[in-house]
Structures are given as C-alpha cells and as structure tokens.
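# Got a sequence here, can you model it:
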Amino acid sequence: MKRASYREAVHIIAHNDEPTETDVEEIKSYTTTLLIAWIFAVEPAKVARDILREREKRDTEESVNS
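Now for the predicted structure:
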C-alpha cells in the first residue's frame, strides 16, 4: 500500500472539505488541516495556504476548460 504524501493530503482537503472556502483563517481551523499539520510537522497556516493555492489552481483550470 502506498503511503500518502503531503501534496496528496492537501489536494484531498482542497477538493472535499468545504471546497468553496477561501478564508485562510477558517481553513487553518479545520480539523483536517490541523491533522495534516500534525502528521507532517508543518504549521497549520502553511497547510491552509497550500489548500487555498490548490483551490485557486483548480478554479483556474476549470475556467480554462469551460
């Protein structure tokens, strides 16, 4: 079984956990964000920013493809 990576975890949260939220402070308080921060020894604020970046990337790709 393959072990999940930080990037995969961010991707999953970005696409599935309140996927329209754009407030970093709110994203930072998600239980899933805090869990990923703890597992990968990263500050919750960094995880939140990475989740937001992934959402922006997703939205840009959707705009281009529509």
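# Locate E21 within the secondary structure: which element?
In the assignment (DSSP states H and E), E21 maps to no helix and no strand.
# Give me the residue at the spatial middle of the chain.
I51 (2.5 Å; Cα atoms, centre = their mean).
# That residue and V64: what is the separation?
21 Å (Cβ to Cβ, to the nearest Å). In this view, the C-beta of every residue, glycine as well, is placed from N, C-alpha and C.
# Averaging pLDDT per element, find the lowest-scoring helix or strand in the chain.
helix 44-65 (a mean of 90; mean pLDDT, DSSP states H and E).
# If you count neighbours, what's buried in it?
Within helix 44-65, the residues scored as buried using 16 or more other Cβ atoms under 10 Å are 44, 47-48, 50-52, 54-55.
# tell me what it is packed against?
helix 6-16, helix 24-28, helix 31-40 (3 or more Cβ pairs under 8 Å, 6 or more residues apart in numbering; DSSP states H and E).
# among those, which is nearest T60?
In terms of Cβ to Cβ, the element of the helices and strands packed on helix 44-65 nearest to T60 is helix 6-16, at 12.8 Å.
# and the closest one with helix 31-40, angle?
Here the directions of helix 6-16 and helix 31-40 differ by 180 degrees (axes from the mean of the first three to the mean of the last three Cα atoms, to 10 degrees).
# Would you mind pulling the contact partners of helix 6-16?
Residues outside helix 6-16 that contact it (Cβ atoms under 8 Å, 6 or more residues apart in numbering): 30, 32-33, 36, 39-40, 42, 47, 50-52, 54-55, 58.
# With distance to I13 as extra columns, can I get those residues in JSON lines?
Listed next are the contacts of helix 6-16 as JSON lines, based on distance: Cβ to Cβ, whole Å:
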{"residue": "Y30", "distance to I13": "7"}
{"residue": "T32", "distance to I13": "5"}
{"residue": "T33", "distance to I13": "7"}
{"residue": "I36", "distance to I13": "7"}
{"residue": "I39", "distance to I13": "12"}
{"residue": "F40", "distance to I13": "12"}
{"residue": "V42", "distance to I13": "13"}
{"residue": "V47", "distance to I13": "8"}
{"residue": "D50", "distance to I13": "9"}
{"residue": "I51", "distance to I13": "5"}
{"residue": "L52", "distance to I13": "10"}
{"residue": "E54", "distance to I13": "8"}
{"residue": "R55", "distance to I13": "9"}
{"residue": "R58", "distance to I13": "12"}
